[in-house]
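**Q** after the sequence you'll find the predicted model.
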Protein chains: 2
Amino acid sequence: MTDQMQRIVLAKRPQGEPGDDCFRLETLDVPSPGDGEVLVRAEYMSLDPYMRGRMDDAKSYSAPVEIGETMGGGAVGEVLVSHHAGFKPGDKVMGMTGWATHGVLPGSQLRKLDPSLPITPALGVLGMPGFTGWYGLTQIGQPKEGETLVVAAATGGVGSVVGQVARARGLRTIGIAGGPEKCRIATETFGFDACLDHRAHNDARSLRAALKEVCPDGIDIYFENVGGKVQEAVMPLMNTFGRIPLCGMIAGYNSGALGGVEAQGPDRSPVLWRSLLVKRMRLEGFIISDHFDRFPAFLKEVAPMVADGRVTYLEDVAEGLENAPETFRGLLKGRNMGKQLVKLT
Amino acid sequence: MTDQMQRIVLAKRPQGEPGDDCFRLETLDVPSPGDGEVLVRAEYMSLDPYMRGRMDDAKSYSAPVEIGETMGGGAVGEVLVSHHAGFKPGDKVMGMTGWATHGVLPGSQLRKLDPSLPITPALGVLGMPGFTGWYGLTQIGQPKEGETLVVAAATGGVGSVVGQVARARGLRTIGIAGGPEKCRIATETFGFDACLDHRAHNDARSLRAALKEVCPDGIDIYFENVGGKVQEAVMPLMNTFGRIPLCGMIAGYNSGALGGVEAQGPDRSPVLWRSLLVKRMRLEGFIISDHFDRFPAFLKEVAPMVADGRVTYLEDVAEGLENAPETFRGLLKGRNMGKQLVKLT
């Protein structure tokens, strides 16, 4: 008898918040790996806001999940069967096995993990979210000591790395987050110099006034990952030669939620050419999958910072694949506290 | 008896097109240079669209001309008296002596010219307009062989250098200009692969359709110096990883003219954050006076290209300081053919 596995497929495209009817839990036989392939049992899977975008049929930079297809995403787990010379049973690996208890991938698409260290950071602080934050901050933002940085979703997987790496490089770091508890964590756990609760401000004007107080020298880098009210509040406070990395992870959001920030559709928010010119600003969109060649440089800088505690992380772990849809909805509303994971075994 | 000189001062701030009442021609004694200063007799002065912006009292990156003050600008001429060790009478120099037949400047603010070569290029192809085009194209645009570039005001001092340097680097170059004669010059004199007459298109949609035909592989670099209809036509044709240098020389225009292109106020033209992200574009404003440290690198690349004819230039020379206001109005309407100069002696 073949072993069984479970997966969640996209049953229907959502309108706004994805209801239970958008997902279907299926049980099937564990597949056998072909030549060069590896069978992995997933121990933890990642839930990320970008997954909401993939549920739509909209043209974007990444293909949508098809109806009936497994919801995509990253996971960490253990090799069960390997037909690839680089892996053996028992190896800990990270790969894009999606919302599923098992997956078969070519060995070339798996990243081997150090079994003496915790493996879940490979989905967060040392995975795509951390890499996204590091790339945008360092490669586009070009931070300089003494400058001021603002990032929203400051306790999230991207924002918390942006803030901590910036702080380690001598910047003043200002976070924005939803609710007093997240703001407390931003300053106490992630070392932000200040964190503003966007829920305490009804409009951009009010948020801007509060930002102005904690950014007495203006803003040099705005790591843009939310849009909407935050963006509107920040833009007039940008300094001459300001840099705005525009983070790919927000693309495709249409129901307005990342860490609870009510984002407008990015298309409705104009950039003012004249301000960009008069302030000589740089605005650059990036999508992290274009930049995997920089992943080693990221690990080289950030892994030691995680090891010595200069960069810390929080994880929010839900239990069981069947709870992924409800957990995912919570994530889109900013209910998670730290990197959202689902424990599968 | 002291020698006399003439100058034109700002008499009144203009509303729209600057009428004759905005200027006043004055005759006064030639000033004596102090310690470290040099008296220059201007032979040719430059007229540039940015001067219109300086006539307004608007806050911008450069201070406005004050009422009663000499209209600013560059000129080339000859040293009459020098109290600076670096210059002697008879030297040919370039300096910001403004709309005037003579000027006194610190020697440190003068650039000595090679007397064996024509001196007027120091106001155009080898001066600020050429430097602006080169800087935006090469330092921000990062052109790669085989890519497609679009620039408006293609026969102007900036656009013609952008096109020719891009062509020398192996790009497909598409110009936009006002009227069939300028389009002919763009292709025949400046070597553009094609040039579109924006006056032949009533709206952005029509211009875009024409652009699409001459840019079969899309647009990789849009050198933004006009805004308005051209910008609106270009943006949807930009390729992934497109670059948009946003040129400081347009700042402050309010009456809609650069090479006859009807520019909107830059502020009314939205950039769509989502397009910037999905296409991973870079948009960067620059003002050439921030980058004088790159001037030697510019001369090193472009001066030999001017010498061997790979980069050519056209000059439109008016006669006499008293004709500067009328010539300036013509420039703002795109009536000039090539770099606008006024011969003063």
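**A** Now that the structure is in, tell me what you want to look at.

**Q** which pLDDT value goes with the most centrally placed residue in chain A?
**A** Nearest to the mean C-alpha position of chain A, counting by C-alpha atoms, centre = their mean, stands A:Pro129 at 3.9 Å. Per-residue confidence (pLDDT) for A:Pro129: 91.

**Q** for it, which three-state class applies?
**A** Assigned with DSSP: H, G, I helix; E, B strand; the rest coil, A:Pro129 falls in the helix class.

**Q** hmm, it is touching A:Lys339, no?
**A** Yes - counting by C-beta atoms under 8 Å, A:Pro129 does reach A:Lys339; the two are 6.7 Å apart. Where you see a C-beta, it was placed from the backbone N, CA and C, and this is true even at glycine.

**Q** between these two, what contacts are shared?
**A** Contact with both A:Pro129 and A:Lys339 is made by residues A:123, A:156-157, according to C-beta atoms under 8 Å, 6 or more residues apart in numbering or on different chains.

**Q** need the buried ones from those selected in ChimeraX.
**A** To isolate the buried members of the shared contacts of A:Pro129 and A:Lys339 in ChimeraX, using 16 or more other C-beta atoms under 10 Å in any protein chain shown:
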select /A:123,156,157
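
**Q** reformat the shared contacts of A:Pro129 and A:Lys339 as JSON lines; add distance to A:Gly242 and secondary structure.
**A** Putting the shared contacts of A:Pro129 and A:Lys339 into JSON lines (distance: C-beta to C-beta, whole Å; DSSP: H, G, I helix; E, B strand; the rest coil) gives the following:
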{"residue": "A:Leu123", "distance to A:Gly242": "32", "secondary structure": "helix"}
{"residue": "A:Gly156", "distance to A:Gly242": "22", "secondary structure": "coil"}
{"residue": "A:Gly157", "distance to A:Gly242": "24", "secondary structure": "coil"}
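
**Q** from the shared contacts of A:Pro129 and A:Lys339, which are also near chain B?
**A** Within the set of the shared contacts of A:Pro129 and A:Lys339, contact with chain B (C-beta under 8 Å from any C-beta of the partner chain) is found for no member.

**Q** got the shared contacts of A:Pro129 and A:Lys339 as CSV, with pLDDT and distance to B:Asp217 columns?
**A** Output for the shared contacts of A:Pro129 and A:Lys339, formatted as CSV (pLDDT from 0 to 100; distance: C-beta to C-beta, whole Å):
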residue, pLDDT, distance to B:Asp217
A:Leu123, 95, 39
A:Gly156, 87, 38
A:Gly157, 88, 37
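
**Q** closest to A:Leu331 out of the shared contacts of A:Pro129 and A:Lys339?
**A** A:Gly156 (9.5 Å; C-beta to C-beta).

**Q** so that closest one touches A:Pro129, yeah?
**A** Yes - at 7.3 Å, A:Gly156 and A:Pro129 qualify as touching, with contact defined as C-beta under 8 Å.

**Q** anything in contact with each of the two?
**A** With C-beta under 8 Å, 6+ apart as the test, A:Gly156 and A:Pro129 both reach A:Lys339.

**Q** quick one: the strands in the stretch 151-300 of chain A, in order.
**A** A:172-177, A:194-197, A:219-223, A:238-247, A:270-271, A:282-286 (DSSP state E, counting those that start in this stretch).

**Q** looking at those strands, which is closest to chain B?
**A** strand A:270-271 (3.0 Å; C-beta to the nearest C-beta).

**Q** tell me where the model's unsure across the stretch 1-150 of chain A.
**A** By pLDDT under 70, the weakly predicted segments of the stretch 1-150 of chain A are A:1, A:59-62.

**Q** which stretches of it form helices?
**A** A:50-54, A:128-134 (DSSP state H, counting those that start in this stretch).

**Q** any weak-confidence spans in the stretch 151-300 of chain A?
**A** Applying pLDDT under 70 to the stretch 151-300 of chain A flags the ranges A:248-271.

**Q** if we use 80, what do you get?
**A** For the stretch 151-300 of chain A, applying pLDDT under 80 flags the ranges A:248-274.

**Q** does the nearest residue to A:Ile244 once chain neighbours are set aside have any beta-bridge partners, and if so which?
**A** Leaving aside its sequence neighbours, A:Ile244 sits nearest to A:Leu283 (C-beta to C-beta, 6 or more residues apart in numbering or on different chains; 4.6 Å). Here A:Leu283 sits in beta bridges with A:Ile244, B:Leu283, going by DSSP bridges.
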